[in-house]
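[1] A structural model of the following input is requested.
(2 chains)
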Amino acid sequence: MSLLSLIRHGQDQGCRPHPRHLLDHGQWSAMAEALAADPTVDLLALWAEPGVVHACLLAEGGCIIASCAAPDGRYRALSPVRPGAVRFERMVGDLWGLVADGALDARPWLDHGRWPLVGPLALKPAANALPPQQPQFLTVEGEGVHQIAVGPVHAGIIEPGHFRLHVQGETVIRLEERLGYLHKGSIGLMLGKPARVAARFAGRLSGDSTVAHAWAFAQAVEAALGIVPPPRALALRGVMAELERLHNHLNDWGSICNDAAFVWPHARAGVLREGVLRAADAAFGHRLMMDRVVPGGVTDDLRPGGAEAIAAALALVEAELPVLGAIYDSHASLQDRVVGTGILAPALAASFAAGGIVGRASGRGFDARRSPGYAPYAGEAVPGLAAPGMAAGDVDARARLRLAEAAESIRLLGLLLARLPPGTAPAELAVPLPQRGGEGLGLVEGFRGECLHWVALDDGGLVRGVFPRDPSWLQWPLLEAAVEGNIVADFPIINKSFNCSYSGVDL
Amino acid sequence: MQPLKRLLWPRLARGLVTPPITDPPPVVPDAVVQALVERLEEAGQARLGRSLAIRQVDAGSCNGCELEINALQSVVYDLERFGLRFVASPRHADVLLVTGPLTRNMREALERTLACTPEPRWVVAVGDCAVDGGLFRGSYAVEGGIAAALTVDLVIPGCPPTPTQLLEGLLALLAAQTRPRR
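    Numbering: from 1, shown residues only, chains lettered A, B, ... in the order given. Prediction:
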């Protein structure tokens, strides 16, 4: 039996637009075996509710969620067949107290032993009576191996996380990440809240992707309630999302050059990015466009002069992008640092289902805007979405792709703004949320990759279950692989070329 | 051969004759400076010089604050013209610039960072989360603001504060050091 028909045998739980099926232990185990036999099916996320574990799979171009009841607190691990499941299983153990039988790694992940509770999202969380334990790192044996411990407080203005490098001479033998320092308990805070209130947390899962996450959450809520936002709201979401992609790609590309001590591109990209942020402020009243995307639509229309401000900022970026690219290309000192550095093998990117730049630079062409696709990208307003791809998988490929995608965002923004549907009254920018229950899945392509949000609303329209999955979940583990065999001094530039979110995965 | 306009050196040379793209500095609110002066006197704190080294610590932010703090370093805001600069170690710092609602998982790291920061020093809480936990107040995983672990001298609210608001706050620190005692 094929994997999909196997899952569809389980009872349909009414999730929209992608279905969720409830499997029993036997069916879940059969699914794990089918996953081992069929490497084309991607595992996108694994999460839980009290006593139930959910896995979101991408098969034949569509998403499908499989669930398995775990009344005794145990379920069969998926990490032996999908390595991307490792950190999800550790997280599920920490938050919901569910044990993955046969898991590759049973160490805690988000729980550093410092919360007052154990299993804070479980039905009955226990009090935490133990003092925090020292973390256990994977070991390396061999002559002359030594460790470098970095973080959680880093030397730059970046988020906290701990990196444990095992080094032999100058060469990194193993990098191990330890995250979780930013765990704020976002899921727990979203539970029991109206969708509009919970959206504020989705918008603060990772501040640099606030539009993409707020949109994915809104998409999930709208699917759950069976409502469709007005066309102008969808187009404005597209405008905000592309502005967000543009300012982040400029920032990352400049920072990659900066990490090679080539400062000029960073300075220029910083100026252009500031122009984009100011245009976003002029158009939407907030530089990062936080809380503008809400379930049902958007809060505000473009402000007077906003479209002109965006057009002016884009014209500057568009004129300078070829220059930036040419200067990037023509400096051997920079090329020497980026070409062949931090190679991520395409097979590895595929087995982890890495999205975004990280995946596309290693030959995995997934882009949620194209498939499964969503308005305004899927419709006629934005034809021919180009998804540039590469297969080299090194820092250079990731840097080039950022510039290529920035140019594509500018083109999309021109189309979206030129074809904005009418209807600027507040009532025409958002539809009211009916007070009823439902379950939905949202998938929105942010600048890092696809942001995936699952939400279940109870009959009163309050959040009963939720999981916001940042694309970084499937990219962080690959950073460990990409760094292996490189010199220690190249770790920062490789890390920057990935630019995974810390807050996004720390929840 | 590249066209001339796609080469780096002509663009650098042009920078010598064109006016700077840096914004003029913002006006610092007098009330904020006065409050800081009083705070200095209350604590009997020795004054720092006319330049401040800043160590930023993320204690649980969503990274929105970090984006805007990073923007301060761009040539548009050019923080260093005021004698303000970010340093890599708390041991070199006069100011701890702390963001986030202070997660329980970051508390020890923040306390250790403070212990490494020599006195006299300022502690600045940046962003609504850092003030009192903000949106995340009441979660099992957060302490509810930076003040739960250390004494805060200045608060720069906002979600996130804009670079201009950040600059106003940091310039107020500088102004407080140089203003004569009344």
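[2] Give me the neighbour count for the residue in the stretch 401-507 of chain A that chain B sits nearest to.
    Nearest residue of the stretch 401-507 of chain A to chain B: residue A:503, at 4.9 Å (CB to the nearest CB). C-beta here means a position set from N, CA and C on the backbone, and glycine is covered the same way. Neighbour count for residue A:503, taken as other CB atoms under 10 Å in any protein chain shown: 31.
[3] Equivalent analysis for residue A:213, please.
    Residue A:213 is flanked by 31 other residues according to other CB under 10 Å.
[4] Just to check, it is in contact with residue A:468?
    Yes: between residue A:213 and residue A:468 there is a contact under CB atoms under 8 Å: 6.3 Å.
[5] Find residues that contact each of these two.
    Overlap of the contact sets of residue A:213 and residue A:468 (by CB atoms under 8 Å, 6 or more residues apart in numbering or on different chains) consists of A:202, A:205, A:451, A:453.
[6] and residue A:68, what is it in contact with?
    Contacts of residue A:68 by CB under 8 Å, 6+ apart are A:22-25, A:27-28, A:52-53, A:75-76.
[7] Tabulate those residues (a markdown table), appending distance to residue B:109 and neighbour count.
    Formatted as a markdown table, the contacts of residue A:68 follow (distance: CB to CB, whole Å; neighbours: other CB atoms under 10 Å in any protein chain shown):
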| residue | distance to residue B:109 | neighbour count |
| --- | --- | --- |
| A:22 | 42 | 18 |
| A:23 | 41 | 20 |
| A:24 | 44 | 13 |
| A:25 | 41 | 15 |
| A:27 | 44 | 17 |
| A:28 | 39 | 23 |
| A:52 | 34 | 18 |
| A:53 | 32 | 25 |
| A:75 | 33 | 28 |
| A:76 | 36 | 21 |
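[8] returning to what we had before: check the shared contacts of residue A:213 and residue A:468 against chain B, which are close?
    Residues of the shared contacts of residue A:213 and residue A:468 in contact with chain B (CB under 8 Å from any CB of the partner chain): residue A:205.
[9] Of the shared contacts of residue A:213 and residue A:468 - the most surrounded one?
    Ranked by neighbour count (other CB under 10 Å), the shared contacts of residue A:213 and residue A:468 have residue A:451 at the top, with 32 neighbours.
[10] does the nearest residue to it once chain neighbours are set aside count as helix, strand or coil?
    With sequence-adjacent residues excluded and distances taken as CB to CB, 6 or more residues apart in numbering or on different chains, residue A:451 is closest to residue A:216, at 4.1 Å. On the three-state scheme (DSSP: H, G, I helix; E, B strand; the rest coil), residue A:216 is labelled helix.
[11] gap between residue A:216 and chain B?
    15 Å (CB to the nearest CB, to the nearest Å).
[12] list the contacts for that residue?
    A:202, A:442-444, A:446, A:451-453, A:468.
[13] Tell me how many other residues crowd residue 170.
    No chain in the question, so chain A it is. Using other CB under 10 Å, the number of residues around residue A:170 comes to 10.
[14] You answered for a different chain; I wanted chain B.
    Neighbours of residue B:170 (other CB under 10 Å): 24.
[15] follow-up on the earlier one: how about a markdown table for the contacts of residue A:68, with distance to residue A:416 added?
    Formatted as a markdown table, the contacts of residue A:68 follow (distance: CB to CB, whole Å):
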| residue | distance to residue A:416 |
| --- | --- |
| A:22 | 40 |
| A:23 | 41 |
| A:24 | 46 |
| A:25 | 48 |
| A:27 | 44 |
| A:28 | 42 |
| A:52 | 39 |
| A:53 | 39 |
| A:75 | 43 |
| A:76 | 45 |
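[16] restrict these to those near chain B?
    Applying CB under 8 Å from any CB to the contacts of residue A:68, none is adjacent to chain B.
[17] okay if I get those as JSON lines plus pLDDT?
    As requested, the contacts of residue A:68 are exported to JSON lines (pLDDT from 0 to 100):
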{"residue": "A:22", "pLDDT": "94"}
{"residue": "A:23", "pLDDT": "94"}
{"residue": "A:24", "pLDDT": "92"}
{"residue": "A:25", "pLDDT": "92"}
{"residue": "A:27", "pLDDT": "93"}
{"residue": "A:28", "pLDDT": "95"}
{"residue": "A:52", "pLDDT": "95"}
{"residue": "A:53", "pLDDT": "96"}
{"residue": "A:75", "pLDDT": "95"}
{"residue": "A:76", "pLDDT": "96"}
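[18] Can you give me the end-to-end span of stretch A:368-378?
    End-to-end distance for stretch A:368-378, by CA to CA, to the nearest Å: 10 Å.
[19] wait, what's in contact with the residue lying closest to residue B:110 once chain neighbours are set aside?
    Excluding its sequence neighbours, the residue lying closest to residue B:110 (CB to CB, 6+ apart) is residue B:59, at 5.0 Å. The neighbourhood of residue B:59, defined by CB under 8 Å, 6+ apart, consists of A:160, B:98-103, B:106-107, B:109-110, B:130, B:146.
[20] Can you report how many residues lie near the residue in chain B positioned nearest to chain A?
    Residue nearest to chain A within chain B: residue B:64 (2.7 Å; CB to the nearest CB). Residues lying near residue B:64 (other CB under 10 Å) number 25.
[21] ok, back up a step: I'd like the shared contacts of residue A:213 and residue A:468 laid out as JSON lines, including distance to residue A:280 and pLDDT.
    Output for those, formatted as JSON lines (distance: CB to CB, whole Å; pLDDT from 0 to 100):
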{"residue": "A:202", "distance to residue A:280": "19", "pLDDT": "97"}
{"residue": "A:205", "distance to residue A:280": "19", "pLDDT": "96"}
{"residue": "A:451", "distance to residue A:280": "19", "pLDDT": "96"}
{"residue": "A:453", "distance to residue A:280": "22", "pLDDT": "97"}
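[22] nearest to residue A:185, of the shared contacts of residue A:213 and residue A:468?
    Taking CB to CB as the measure, residue A:185 sits nearest to residue A:205 out of the shared contacts of residue A:213 and residue A:468, at 12.1 Å.
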